[in-house]
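Peer 1: attaching a predicted model along with its sequence, questions to come.
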Amino acid sequence: MLLQLYLHFPFCKRKCFYCDFCSAPADDGTVAAYCSALKKEICLTAEKYPGARVSTVFLGGGTPSLVPAAQMRGVLEELRRRFDVLPDAEITAEGNPGTLSPRWLEAACACGLNRLSLGMQAAQERLLKAIGRIHTFAQTEEAVAMARAAGIRNLNVDLMSGLPGQTLRDWRESIEAALALGVEHISAYSLILEEGTPLWRMVEEESVHLPDDELTAEMYERGVTWLEAAGYERYEISNFARPGFRCRHNVGYWQGSWYAGLGVAAHGMLPPDASQASQGAVRVRRANTERMTEYLHALEAQNVLPPAEITLIDRQEAMFETMMLGLRMTGGVSERDFERMHGAALLQVYGPALEKLAQDGLGAWSSGTVGERRFFLTPRGLEVQNEALMALMP
């Protein structure tokens with residue numbers, strides 16, 4: 001089977017004020033022990049899925065670029081030893097501009113790294129400080145130059161709108177700065193204020209203020225216009241790419257590909273075994289433990305896969321997830337692919353709901369004969385995707 005791999009590296013120099021991901025500062029010994037355990041998980045996962053061919057690899061975090069170069073190389077070499085990684089596999093790493101180094105890039109590229117995603121977020125120093133980022137925009141420029149020198153020809157930068165004190169002019173300047181970097185891909189998304197984070201507490205205490213809903217919506221709409229005018233195709237709600245540079249790993253998520261999540265707190269979506277299938281499962285969601293001690297003990301002391309939360313996905317839920325994820329993409333959901341995946345016609349399952357979305361101007365069908373079309377959300381539908389999906393909920 002074709003398989004995508006996600007490897008989580010839960011380390012950072014300092015947690016950003018808005019971040020609720022599983023990440024934290026760690027000492028050298030913890031990082032080394034973690035990389036050793038991750039190599040064991042790679043081995044055990046490969047044994048569980050013999051013959052799997054890996055089409056994409058994504059190194060996320062946290063901050064993968066914070067892991068020492070030699071240890072990162074060891075993890076990637078183990079992955080290539082244990083898995084059949086396709087020659088044209090997309091191998092991406094996230095990187096913080098404040099931690100990237102030529103040595104780290106050299107080690108990762110020697111193991112096949114061919115795509116880098118940099119957390120630029122904004123061009124203004126005051127905005128970066130307001131959200132707890134450790135880098136400057138000058139360091140983003142340096143990181144892009146380092147990546148190019150290392151041979152990376154597929155670069156993404158992340159941008160965030162709706163930041164504390166951010167104006168529409170700030171947003172335009174950040175987009176223009178990203179365009180000037182000459183990157184192939186831009187992820188431009190709105191800040192999500194997660195409960196319990198330092199930024200959430202600041203907003204609750206009114207020590208900082210976020211742009212109002214009207215301004216945030218205008219940033220979103222203008223950002224789409226500016227990026228498309230610059231030649232970046234919008235292929236998903238928040239993702240824009242030059243032709244041929246869509247993120248294959250993320251597209252796989254949205255189109256229902258199998259993927260395994262390795263590392264503490266990593267998630268995967270995998271086919272059921274015989275026992276799970278007998279319970280009606282057509283997919284299985286696996287979420288590794290978030291506890292570092294449990295993760296390390298299972299792999300280092302017991303040589304078994306780490307404890308995980310297992311969720312069985314039945315056919316009805318799987319069909320809804322296909323719609324929920326597929327409609328994030330501007331191309332929408334294919335009738336042919338839906339029937340291939342679920343053994344039922346898209347119109348048979350969701351016909352009345354899709355008709356209602358079309359009548360409300362939130363969705364539309366591509367041209368073509370029934371069975372060969374795609375249903376997609378209109379620009380207005382993408383803006384209110386959660387509302388649109390309510391019509392499809394079982």
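Peer 2: Structure received. From a predicted model like this one, the values you see are computed outputs, not experimental measurements.

Peer 1: distance from the chain centre to the helix or strand containing residue 129, please.
Peer 2: Residue 129 belongs to helix 125-130 when elements are defined using DSSP states H and E. Between the centre of helix 125-130 and the centre of its host chain there is 24 Å, according to Cα atoms, centre = their mean, to the nearest Å.

Peer 1: likewise for stretch 165-174?
Peer 2: The answer for stretch 165-174 is 24 Å, by Cα atoms, centre = their mean.

Peer 1: can you pull the buried residues of that stretch?
Peer 2: Buried residues in stretch 165-174, counted by 16 or more other Cβ atoms under 10 Å: 166, 170-171, 174. C-beta here means a position set from N, CA and C on the backbone, and glycine is covered the same way.

Peer 1: what segments of the stretch 101-250 of the chain are strands?
Peer 2: Listed in chain order, the strands of the stretch 101-250 of the chain (DSSP state E, counting those that start in this stretch) span 115-121, 155-161, 185-190, 233-236, 239-241.

Peer 1: would you list those strands in a markdown table and tack on mean pLDDT, mean neighbour count and distance to residue 388?
Peer 2: Compiled in a markdown table, the strands of the stretch 101-250 of the chain are given as follows (pLDDT from 0 to 100; neighbours: other Cβ atoms under 10 Å; distance: least, Cβ to Cβ, whole Å):
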| stretch | mean pLDDT | mean neighbour count | distance to residue 388 |
| --- | --- | --- | --- |
| strand 115-121 | 97 | 26 | 28 |
| strand 155-161 | 98 | 23 | 21 |
| strand 185-190 | 96 | 20 | 17 |
| strand 233-236 | 97 | 18 | 15 |
| strand 239-241 | 98 | 24 | 18 |
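
Peer 1: how about these, which one is nearest residue 53?
Peer 2: strand 115-121 (18.6 Å; Cβ to Cβ).

Peer 1: who does that closest one pair with, and is each partner parallel or antiparallel?
Peer 2: Paired neighbours of strand 115-121 in the sheet (DSSP bridges): strand 84-95 (parallel), strand 155-161 (parallel).

Peer 1: so for residue 321, which of these sits nearest?
Peer 2: Across those, residue 321 has its closest neighbour in strand 84-95 (22.7 Å, Cβ to Cβ).

Peer 1: just the buried residues of that closest one, please?
Peer 2: Buried residues in strand 84-95 (16+ other Cβ under 10 Å): 85, 89-95.

Peer 1: circling back: can the strands of the stretch 101-250 of the chain go into TSV with extra columns for distance to residue 37?
Peer 2: Output for those, formatted as TSV (distance: least, Cβ to Cβ, whole Å):
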stretch	distance to residue 37
strand 115-121	24
strand 155-161	28
strand 185-190	30
strand 233-236	33
strand 239-241	32
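
Peer 1: that older thread, and the strands paired with strand 115-121: which comes nearest residue 270?
Peer 2: Smallest distance to residue 270 across those (Cβ to Cβ): 16.8 Å, for strand 84-95.

Peer 1: what's the closest one in contact with?
Peer 2: Residues outside strand 84-95 that contact it (Cβ atoms under 8 Å, 6 or more residues apart in numbering) are 51-65, 79, 108, 111-119, 143, 154, 247-249.

Peer 1: select only the buried ones of the residues you listed in PyMOL?
Peer 2: Applying 16+ other Cβ under 10 Å to these, the buried members can be selected in PyMOL as follows:
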select buried, resi 52+54+55+56+57+58+59+60+61+62+63+64+65+79+108+111+112+113+114+115+116+117+118+119+143+154+247+248+249
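
Peer 1: so which of the contacts of strand 84-95 belong to helices?
Peer 2: Within the contacts of strand 84-95, residues falling in helices by DSSP state H are 79, 108, 143, 248-249.

Peer 1: picking that back up, of all the strands of the stretch 101-250 of the chain, which one comes closest to residue 18?
Peer 2: strand 155-161 (8.3 Å).

Peer 1: and the angle for that closest one with strand 185-190?
Peer 2: Per axes from the mean of the first three to the mean of the last three Cα atoms, to 10 degrees, the angle that strand 155-161 makes with strand 185-190 is 10 degrees.

Peer 1: now render the buried residues of stretch 165-174 as a markdown table, adding distance to residue 337.
Peer 2: Below are the buried residues of stretch 165-174 laid out as a markdown table (distance: Cβ to Cβ, whole Å):
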| residue | distance to residue 337 |
| --- | --- |
| 166 | 39 |
| 170 | 40 |
| 171 | 35 |
| 174 | 36 |
